[in-house]
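Model the structure of this input:
(one chain, ligands or ions: 2)
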Amino acid sequence: MHTTDSPSIGRVVEITGERALVELTADPTRRTAEGCYPGQPGSHVKIPFEEHNIVGIVSGVRMDNGHDGAPTRQLADCLLVGTLYPDGRFGRGVAVYPTVGQRVGVVAPEELRRILAEFVQYGYAFGRHSQAEDQRAFVQADRFFGQHVAVLGNTGCGKSCTVVSVLQHAIRQYPNSHIIVLDLHGEYASAFPDNALLVPADKVELPYWLLNFDEFQALFVDQNEPTAQNQASVLRDAIVRAKMTTDSNEQLGLGKAITADAPIFFELPEVLEQIRSWNIQMVSNSEGRMEPGPLFGAFDKFLIRLDARTSDPRFRFMFAPTSCTNDGHLPGLLRDYLSIDTGKRIAVIDLSAVPSEALGVVVGVVSRLVYEFNLWNPVRQHFPVLMVYEEAHHYLPSRLDPRFATARTAVERIAKEGRKYGIGMIVVSQRPKELSETVLSQCNTYVAMRLSNPEDQAYVRKLVPDSLAGLMNMLPALRTGEALVVGDSVPLPTKVLIDCPDPRPESTNVEFCRWWTEGEPLDVERVLKRWRARRKDL
Ligand SMILES: Nc1ncnc2c1ncn2[C@@H]1O[C@H](COP(=O)(O)OP(=O)(O)OP(=O)(O)O)[C@@H](O)[C@H]1O
Ligand SMILES: [Mg+2]
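Residues are numbered from 1 along each chain as shown. Ligands and ions are numbered 1, 2, ... in the order given. Below is the predicted model:
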């Protein structure tokens with residue numbers, strides 16, 4: 001099949017790397033026969049070369065000024081992305097580059113349809129192409145879900161709606177999906193009325209005995225205290241002892257192979273009691289008289305911290321579990337969170353009530369549990385899991401912060417190794433620059449939405465291959481719900497109009513004008529009651 005001939009809209013005046021500079025000869029304000037405006041950023045052009053056509057995307061247009069400063073010609077910057085062969089196939093990359101003086105045409109709608117349909121057999125799409133609105137934007141779903149996605153953009157540009165749309169299409173299409181959403185603002189529940197396990201804020205439970213030793217340390221040991229190392233070693237010792245003495249130990253058949261990291265139930269008071277007894281231990285001296293031992297009083301502050309945190313009502317979800325109180329409950333918790341045999345396809349965990357000091361640990365523990373589950377899962381290749389990290393800059397900061405070390409370690413591990421263990425992730429943020437670089441740089445698909453902060457734009461430009469950096473100039477001009485999708489899971493970097501989710505998440509813009517006009521009576525006592533009890537159901 002030969003590609004369609006189209007009238008020329010300009011000619012190549014410069015080629016550098018993967019970029020072609022095209023002098024426009026057609027009027028950019030008049031539609032071509034193909035129905036598009038020549039030189040529109042985001043539009044597709046083709047440069048015939050022997051039998052094939054080299055395909056490019058316009059990333060920007062500008063006026064070239066002559067010596068006297070007067071505008072002389074219009075130039076379009078084009079990124080060369082692939083080759084359209086005579087048989088109708090489209091291949092990424094350019095084997096033979098065009099040269100200056102060559103004529104440039106626009107890609108005809110049916111050609112664009114063929115190019116964009118590369119992944120049509122996956123049947124998975126969550127939007128339409130901005131340049132060809134009648135066409136679904138099909139993605140290579142295995143790569144999309146398995147090799148990490150970053151959704152980036154200003155507040156209100158449509159990130160949460162995009163993620164909801166992605167997930168709604170996924171759970172409608174895949175009856176055995178396993179998805180965990182860490183929902184920081186409690187927005188997602190309303191978007192998943194069916195097929196979803198919704199864990200409301202006041203029902204979130206992550207029992208302390210699921211924490212591994214590093215996570216315990218992060219919560220209790222203050223690394224700035226001189227006795228930090230001693231604190232860590234007594235904590236480890238006390239936890240292992242407590243795990244060994246539980247009744248279920250015999251049933252689990254682990255014997256002496258128990259480590260401080262194993263997800264085994266133990267009684268927390270036993271740990272506190274043990275450390276308390278070391279703190280007041282007396283030893284007999286050479287004369288046989290009792291005197292304070294070497295650790296006497298060394299853990300006073302540590303014990304206060306242990307007591308204070310374990311009895312803090314805000315940490316009840318961790319230290320006073322009500323439903324996950326022995327080893328027998330762990331399979332149920334994992335089945336729920338991972339949607340195994342529950343008839344659900346997604347679990348939405350509302351973290352809006354988790355105190356900020358504990359957020360890092362909670363995200364870290366959930367991520368690590370999922371990772372370790374699949375690490376030990378003999379059939380992990382048949383059990384792919386998707387993690388969704390909303391507002392990730394809150395707990396995956398780019399700078400080192402001990403409060404979020406647990407989350408960073410666990411999520412960075414998924415970013416780096418998750419692909420091998422069948423764990424993909426979608427990370428969402430409005431401040432890419434403040435987000436862990438390791439996590440972002442491991443993403444293979446970027447859904448870049450409207451982004452106006454120049455620092456963040458520059459940062460996103462650095463994340464994508466050099467050749468695509470020019471396309472990022474479009475970011476500030478994107479519409480709400482429109483994204484530039486770049487990466488291995490799309491045939492071409494394209495602007496996509498994301499489907500409006502149905503139902504929507506609870507993130508609608510507040511109507512200031514209406515409510516400032518109409519007003520509404522408000523029960524302040526009720527607000528306070530919910531606030532004090534930290535419960536949204538009151
Ligand atoms: N694909 C879309 N189609 C139509 N409207 C949309 C779309 N995406 C977003 N919107 C509109 O934009 C509003 C904000 O979207 P959303 O909550 O997804 O933004 P956000 O980027 O997640 O913001 P934040 O960073 O503050 O969480 C929505 O309430 C909706 O009205
Ligand atoms: Mg959001």
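
Now do stretch 160-175: everything it contacts.
Residues outside stretch 160-175 that contact it (C-beta atoms under 8 Å, 6 or more residues apart in numbering): 123-127, 145, 149, 151, 177, 179, 181, 187-188, 191-192, 195-196, 345-346, 386, 388, 390, 426, 428, 447, 449, 481, 483, 498-502, 504-505, 507. C-beta: built from backbone N, CA, C; applies to glycine.

Narrow those to those that are buried.
124-127, 145, 149, 151, 177, 179, 181, 187-188, 191-192, 195-196, 345-346, 386, 388, 390, 426, 428, 447, 449, 481, 483, 498-499, 501, 505, 507 (16 or more other C-beta atoms under 10 Å).

Which of those fall within strands?
Cross-referencing those against strands under DSSP state E gives 125-127, 149, 151, 179, 181, 196, 346, 386, 388, 426, 428, 447, 483, 498.

wait, which of these is closest to Ser43?
Ala483 (16.8 Å; C-beta to C-beta).

That closest one bridge partners, please.
For Ala483, the beta-bridge partners are Val496 (DSSP bridges).

ok now do it, which residues does it touch?
Gly127, Val151, Gly153, Gly158, Thr162, Val447, Ala448, Met449, Lys495, Val496, Ile498 are the contacts of Ala483 under C-beta under 8 Å, 6+ apart.

Apply 10 Å and report the result again.
Taking C-beta atoms under 10 Å, 6 or more residues apart in numbering as the criterion, Ala483 is in contact with 126-127, 130, 137, 151-153, 157-159, 162, 446-450, 475, 494-498.

before we move on, what about Asp202?
Arg316, Phe317, Asp350, Ser352, Ala353, Ala533, Arg534, Arg535, Lys536, Asp537, Leu538.

What separation is there between the closest residue to the last one other than its chain neighbours and Pro355?
Okay, so that is Leu538. In space, Leu538 comes closest to Arg530 once its chain neighbours are excluded; the distance is 4.8 Å by C-beta to C-beta, 6 or more residues apart in numbering. Applying C-beta to C-beta, to the nearest Å, the value for Arg530 to Pro355 is 16 Å.

Ok, Ser467 next?
Separation of Ser467 from Pro355 (C-beta to C-beta) stands at 45 Å.

Can you give me the buried ones in the host helix or strand of Leu116?
Under the criterion of DSSP states H and E, Leu116 resides in helix 109-116. For helix 109-116, burial by neighbour count (16+ other C-beta under 10 Å) applies to Pro109, Glu111, Leu112, Arg114, Ile115, Leu116.

is it true that the third one touches Ala137?
No. Taking C-beta atoms under 10 Å as the definition, Leu112 is not a contact partner of Ala137, at 11.7 Å.

Could you tell me which residues touch both of these two?
By C-beta under 10 Å, 6+ apart, Leu112 and Ala137 have these common neighbours: His129, Thr494.

what about the residue nearest to Asp502 when sequence neighbours are not counted, how many neighbours?
Leaving out its chain neighbours, the residue that sits closest to Asp502 by C-beta to C-beta, 6+ apart is Gln168, at 7.2 Å. Neighbour count of Gln168, defined by other C-beta atoms under 10 Å: 19.

Validate this expectation: Gln168 resides in a helix.
Yes. According to DSSP: H, G, I helix; E, B strand; the rest coil, Gln168 belongs to a helix.

what about it, distance to Pro193?
Distance, Gln168 to Pro193, using C-beta to C-beta: 10 Å.

what sits in contact with each of the two?
Pro503.

Please identify which of the buried residues of helix 109-116 is nearest to ligand 1.
The nearest member of these to ligand 1, counting by C-beta to the nearest ligand atom, is Leu116 at 18.8 Å.

Was I right to think the closest one contacts Phe90?
Yes. The criterion here is C-beta under 10 Å, and Leu116 meets it with Phe90 at 8.9 Å.

Identify the contacts common to those two.
Common contact partners of Leu116 and Phe90 (C-beta under 10 Å, 6+ apart): Pro491, Leu492.

pLDDT wise, what is Arg532 at?
Looking at Arg532, its pLDDT is 85.

for it, what are its contacts?
Counting by C-beta under 10 Å, 6+ apart, Arg532 makes contact with Leu538.

any idea how far it is from Leu235?
33 Å.

ok, back up a step: closest to ligand 2 among the contacts of Asp202?
Closest approach between the contacts of Asp202 and ligand 2, by C-beta to the ion: Ser352, at 12.5 Å.

ok, for the closest one, nearest residue in space, not its chain neighbours?
Excluding its sequence neighbours, the residue lying closest to Ser352 (C-beta to C-beta, 6+ apart) is Gly186, at 4.1 Å.

Check Ile349 too.
Computed as C-beta to C-beta, 6+ apart, the closest residue to Ile349 that is not its neighbour in sequence is Val199, at 4.6 Å.

Bridge partners for the residue in the stretch 1-150 of the chain positioned nearest to ligand 1, pull those for me.
At 7.5 Å from ligand 1, Gly127 is the closest residue in the stretch 1-150 of the chain, using C-beta to the nearest ligand atom. Per DSSP bridges, the residues bridged to Gly127 are Ile498.

in terms of contact, does it touch Val485 like I think?
Yes. With contact defined as C-beta under 10 Å, Gly127 counts as touching Val485 (8.1 Å).

So for those two, which residues contact both of them?
With C-beta under 10 Å, 6+ apart as the test, Gly127 and Val485 both reach Ala137, Val139, Thr162, Val447, Thr494, Lys495, Val496, Ile498.

Could I get the contacting residues of the spatially most central residue of the chain?
Centroid-nearest residue in the chain, with C-alpha atoms, centre = their mean: Val427, separated by 1.0 Å. Val427 sits next to 148-152, 163, 387-393, 396, 411, 414-415, 435-436, 439-440, 442-443 when contact means C-beta under 10 Å, 6+ apart.

Likewise for Tyr395?
Contact analysis of Tyr395 by C-beta under 10 Å, 6+ apart lists 182, 184, 351, 356, 359-364, 389, 401, 403-404, 406-408, 411, 435-436.

can you tell me how far Tyr174 sits from ligand 2?
In this view, Tyr174 and ligand 2 are 24 Å apart by C-beta to the ion, to the nearest Å.

What is the end-to-end distance of stretch 113-123?
Its start and end residues considered, stretch 113-123 measures 15 Å (C-alpha to C-alpha, to the nearest Å).

in this structure, which helix has the most residues?
In terms of residue count, the longest helix belonging to the chain (DSSP state H) is helix 356-375.

Close to ligand 2: what parts of the stretch 101-250 of the chain are there?
Neighbours of ligand 2 within the stretch 101-250 of the chain, by C-beta under 5 Å from the ion: Lys159, Ser160.

ok, whichever residue of the stretch 101-250 of the chain sits closest to ligand 1 - how many residues close by?
Nearest residue of the stretch 101-250 of the chain to ligand 1: Gly158, at 2.8 Å (C-beta to the nearest ligand atom). The tally of other residues near Gly158 (other C-beta under 10 Å) stands at 25.

is it true that it touches Leu478?
Yes. In this structure, Gly158 is within contact of Leu478 by C-beta under 10 Å, at 9.1 Å.

which neighbours do these two share?
Jointly contacting Gly158 and Leu478 under the rule C-beta under 10 Å, 6+ apart are Met449, Arg450.

Arg136 contacts Thr494, doesn't it?
No. Between Arg136 and Thr494 there is no contact, the gap being 11.7 Å when judged by C-beta under 10 Å.

Neighbour count for these two, which is higher?
Thr494 (25 against 18).

Could you pull up the residues touching the more buried one?
42, 44, 57, 81, 112, 115-116, 127, 129-132, 135, 137, 471, 483-486.

Show the pLDDT at it.
88.

beta partners of Ile179?
Judged by DSSP bridges, the bridge partners of Ile179 are Ile346, Leu386.

What residues does it make contact with?
Taking C-beta under 10 Å, 6+ apart as the definition, contacts of Ile179 comprise 145, 166-167, 170-171, 192, 196, 338-339, 344-348, 384-388, 424, 426.

do Val100 as well
Counted by C-beta under 10 Å, 6+ apart, Val100 has contacts Arg11, Val12, Val13, Glu14, Ile15, Ala20, Leu21, Glu23.
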